[in-house]
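Enquirer: Model the structure of this input:
(2 chains, ligands or ions: 2)
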Amino acid sequence: MVAGQGQRATSVDGTEALKLSIRNLTIGYGGVPALRDVTLDVRRHEIFGIVGPAGSGKTSFLKAIGRMDEFTRAMSVEGQILFDGKDVREWRNVYALRRRIGVVFPLPVGLPMTVYDNVALSPRLSGIKKKAQLDEIVERCLRRAALWDEVKGRLDALGSLLSGGQQQRLTIARALSQDPELLLLDEFSIAVDPVTTMRIEDVLKELKSEVTIVLVTNLVQQARRLADRTAFFLTGECVEVGQTEALFEGHVRDERTSAYLEGRFG
Amino acid sequence: MTMFHATALNHRNRRVEWLVRVLFLLMTLLLVVPVVLILAVLVIRGGPALSFEFLFSEPLNNMTAGGIFPALVGTIWLVGVALLASVPIGVAAALYLSEYAPDNMLTRAINLAIINLAGVPSVVHALFGLGAFVLFFQFGTSILAASLTLAIMTLPVVIVATRESLQAVPQAFREACWSQGATRWQTIRRVVLPNAVSGILTGIILEVSRTAGETVPIMFTGAATFIPFLPQSVMDQTMAMSLHLFTVSTQVTNVPESLQYGVALVLILLVLAMNAISISFRVYLRGKKKW
Ligand SMILES: Nc1ncnc2c1ncn2[C@@H]1O[C@H](COP(=O)(O)OP(=O)(O)O)[C@@H](O)[C@H]1O
Ligand SMILES: [Mg+2]
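Expert: Ligands and ions are numbered 1, 2, ... in the order given. Predicted coordinates:
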């Protein structure tokens, strides 16, 4: 546990250990529900996995956390999302909230600017101007995202022209450049080759000591490798949450969970 | 591969394909023919009139001789001042409509109004300019009044061209930027505008070239048939190429034909030059396409 993060009221049920408390979260698009009445907790410094078939509401869940529903017309969010105990909707400065949350989308978006500028974007947005400081951040984040060795000689190449796998690592570096407390990853390995996926997975394991990670993944084995606890989403419902190993060993409350985890589904 | 041997149907498809292709080619040529003819006639008949003297001296003898310098300078003034007014307003309006406006009734009404504004005949703009700028704001018949009239005329097109270039920037770029905690304006400045600027500029230049040819709106508001000196400020009246062409072709007698064609040729070369700049700019920027 990092000192200084426990300044909120410590309660007997140990809520100070929670990074996120989701209460009765319901999400819809123009009246059509995409996620219904989800209640779960994400603990500080854990990797929290979310698995489930396409269309089960995983992406919608991640979007609501950073209030990214505001980008999408007709997306409605009800219920509570407590971030460090405070509802994200009560943050007056949504930009400050989003800077504390790093996001990696399934399809990597290298912004049409140089590799350097991609990673320096967020520090610059928050007012850092000194070249030396930016240089340091860019190198550190690219190293962490396992991309430095491939791009160190061409930091002024266009980020949008890197290969898919490189762009995905670039978006991870960009997310890290925010120095986030919470990292949301949405099926990051879709556009990445297996070797790179493994390297990024190693990075995530290291990062766990500093940030809390919510990992949505289409690969159940990835959840098994990385996640401390895992939630299973199915058509807008959170079927169950449990210790990852226990779930995979078959200690489930709902038969559908093991059916999905064992790949005998539908 | 006997499975795909030619059949009667296959033959017919290929014949239709050939016919359609030839038909479309003919239509395209038909389109090019008038343009080429106009240019050829202008060059053949007006070419001989072109000279340094012609471009840089004043008209003489009731415009039946001499050059076109005051009209050339006047057109540059008119277009320049019109740009100064329409570009900032048009780009700001397009930014608002594309990047900020919620998708509601009001926004849709504004969009509709802009499209309709683009369809208003230029003589209506001319009368509006006369009423609003010349009389109400008391700018008198002046470059200012004429340019503002032109600006209002071109505003819808500047807005539409700008909005289209803004919307060509993928939404994913915006969302990637917003999700990092960027405000709308930060996103516009760092991601949207740098990637839309080429489209905006080329759109604007193409529009400008059209304003250079407008006659009626400036005739009522600030352009005069004959002024033997150059404008000193935006409150002066001025000659203009388009109006000068109208004058020497229809209002004065005994103008040598080569002079009439010469004026037309210079006007069209002016427009073509601006188009050429715009197009080469676009080609240059496309070479640096970033995604
Ligand atoms: N922008 C949108 N507009 C309308 N419906 C959407 C939109 N995004 C997602 N949905 C719907 O919401 C449901 C959940 O989608 P999503 O959260 O993307 O699931 P997942 O990430 O698990 O595949 C799906 O039925 C999907 O069709
Ligand atoms: Mg998804």
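Enquirer: so where's chain B uncertain?
Expert: When residues are selected by pLDDT under 70, those of chain B lie in B:1-6, B:288-291.
Enquirer: Write out the residues of it neighbouring ligand 1.
Expert: Counting by C-beta under 6 Å from any ligand atom, no position of chain B is adjacent to ligand 1. (Glycine included, C-beta is placed from N, CA and C.)
Enquirer: how does chain B divide up, domain by domain?
Expert: Listed domain ranges for chain B are B:15-49, B:52-287 (source: automatic domain parsing).
Enquirer: Out of those domains, which is closest to residue A:180?
Expert: For those, distance to residue A:180 was read as C-beta to C-beta. The smallest value, 9.7 Å, belongs to domain B:52-287.
Enquirer: Distance from the chain centre to the closest one, please.
Expert: Put simply, domain B:52-287 sits 6 Å off its chain's centre (C-alpha atoms, centre = their mean, to the nearest Å).
Enquirer: Could you see whether chain A lies near it?
Expert: Yes. Counting by C-beta under 8 Å from any C-beta of the partner chain, contacts between domain B:52-287 and chain A involve B:103, B:172-183, B:186, B:190-191, B:194-195.
Enquirer: picking that back up, hey, which of the domains of chain B is tucked in deepest?
Expert: Of all the domains of chain B, domain B:52-287 has the most neighbours on average by mean count of other C-beta atoms under 10 Å in any protein chain shown, namely a mean of 18.
Enquirer: what's the span of that domain, first residue to last?
Expert: According to C-alpha to C-alpha, to the nearest Å, domain B:52-287 extends 37 Å from its N-terminal end residue to its C-terminal end residue.
Enquirer: quick one: contacts for the most centrally placed residue in chain B?
Expert: To find the centre residue of chain B, average its C-alpha atoms and take the closest one (C-alpha atoms, centre = their mean): that gives residue B:207, at 2.0 Å. With contacts taken as C-beta atoms under 8 Å, 6 or more residues apart in numbering or on different chains, residue B:207 has the following neighbours: B:154, B:157-158, B:161.
Enquirer: which one of the domains of chain B lies closest to residue A:117?
Expert: Between residue A:117 and the domains of chain B, the shortest separation by C-beta to C-beta is 8.4 Å, and it involves domain B:52-287.
Enquirer: still on that earlier bit, quickly name whichever of the contacts of residue B:207 is closest to ligand 1.
Expert: For ligand 1, the nearest member of the contacts of residue B:207 is residue B:161. The distance, counting by C-beta to the nearest ligand atom, is 28.7 Å.
Enquirer: Let me know how buried residue B:11 is, in neighbour terms.
Expert: Look at residue B:11: counted by other C-beta atoms under 10 Å in any protein chain shown, it has 10 neighbours.
Enquirer: State the next helix or strand along the chain beyond the helix or strand encompassing it.
Expert: Following DSSP states H and E, the helix or strand that holds residue B:11 is helix B:8-46. On the C-terminal side of helix B:8-46, the closest following helix or strand by DSSP H and E is helix B:52-56.
Enquirer: what packs against that next one?
Expert: When contacts are defined as 3 or more C-beta pairs under 8 Å, 6 or more residues apart in numbering or on different chains; DSSP states H and E, helix B:52-56 sits against helix B:69-95, helix B:257-287.
Enquirer: same thing but 7 Å
Expert: helix B:69-95 (3 or more C-beta pairs under 7 Å, 6 or more residues apart in numbering or on different chains; DSSP states H and E).
Enquirer: contacting residues around the helix or strand just after the helix it packs on?
Expert: Along the chain past helix B:69-95, the next helix or strand (assigned with DSSP H and E) turns out to be helix B:105-118. Counting by C-beta atoms under 7 Å, 6 or more residues apart in numbering or on different chains, the neighbours of helix B:105-118 from elsewhere in the structure are B:97, B:101, B:156-157, B:159-160.
Enquirer: separation between residue B:237 and chain A?
Expert: In this structure, residue B:237 and chain A are separated by 47 Å, where distance is defined by C-beta to the nearest C-beta, to the nearest Å.
Enquirer: ok, now which ones touch the residue lying closest to that residue once chain neighbours are set aside?
Expert: Closest residue to residue B:237 in three dimensions, ignoring its sequence neighbours and counting by C-beta to C-beta, 6 or more residues apart in numbering or on different chains: residue B:224, at 4.6 Å. Residue B:224 makes contacts with B:237-239, as judged by C-beta under 7 Å, 6+ apart.
Enquirer: List the ones among the residues you listed that fall in strands.
Expert: Among the contacts of residue B:224, DSSP state E puts none in strands.
Enquirer: okay but residue B:78 is in contact with residue B:150, surely?
Expert: Yes. With the criterion set as C-beta atoms under 7 Å, residue B:78 and residue B:150 qualify as a contacting pair; they are 6.4 Å apart.
Enquirer: what is in contact with these two at once?
Expert: Joint contacts of residue B:78 and residue B:150 (C-beta under 7 Å, 6+ apart) are residue B:218.
Enquirer: picking that back up, mind putting the contacts of residue B:207 into JSON lines with secondary structure?
Expert: Below are the contacts of residue B:207 laid out as JSON lines (DSSP: H, G, I helix; E, B strand; the rest coil):
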{"residue": "B:154", "secondary structure": "helix"}
{"residue": "B:157", "secondary structure": "helix"}
{"residue": "B:158", "secondary structure": "helix"}
{"residue": "B:161", "secondary structure": "helix"}
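Enquirer: Dump those to JSON lines, plus distance to residue B:19.
Expert: Supplementary listing: the contacts of residue B:207 in JSON lines, determined by distance: C-beta to C-beta, whole Å:
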{"residue": "B:154", "distance to residue B:19": "42"}
{"residue": "B:157", "distance to residue B:19": "37"}
{"residue": "B:158", "distance to residue B:19": "42"}
{"residue": "B:161", "distance to residue B:19": "37"}
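Enquirer: ok and the residue in the stretch 101-250 of chain B nearest chain A?
Expert: residue B:181 (3.5 Å; C-beta to the nearest C-beta).
Enquirer: Next, that residue: secondary structure please.
Expert: From three-state DSSP, the assignment for residue B:181 is coil.
Enquirer: Equivalent analysis for residue A:41, please.
Expert: Under three-state DSSP, the three-state class of residue A:41 is strand.
Enquirer: for it, which residues make a bridge with it?
Expert: residue A:21 (DSSP bridges).
Enquirer: Against residue B:154, how distant is residue B:223?
Expert: The spacing between residue B:223 and residue B:154, counted by C-beta to C-beta, to the nearest Å, is 16 Å.
Enquirer: Likewise for residue A:71?
Expert: Taking C-beta to C-beta as the measure, residue A:71 falls 33 Å from residue B:154.
Enquirer: how about the helices in the stretch 1-150 of chain A?
Expert: Taking DSSP state H, counting those that start in this stretch, the helices of the stretch 1-150 of chain A run over residues A:58-65, A:94-99, A:115-125, A:131-144, A:148-151.
Enquirer: Including mean neighbour count, could those go into a markdown table?
Expert: Listed next are those as a markdown table, based on neighbours: other C-beta atoms under 10 Å in any protein chain shown:
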| stretch | mean neighbour count |
| --- | --- |
| helix A:58-65 | 24 |
| helix A:94-99 | 18 |
| helix A:115-125 | 23 |
| helix A:131-144 | 16 |
| helix A:148-151 | 16 |
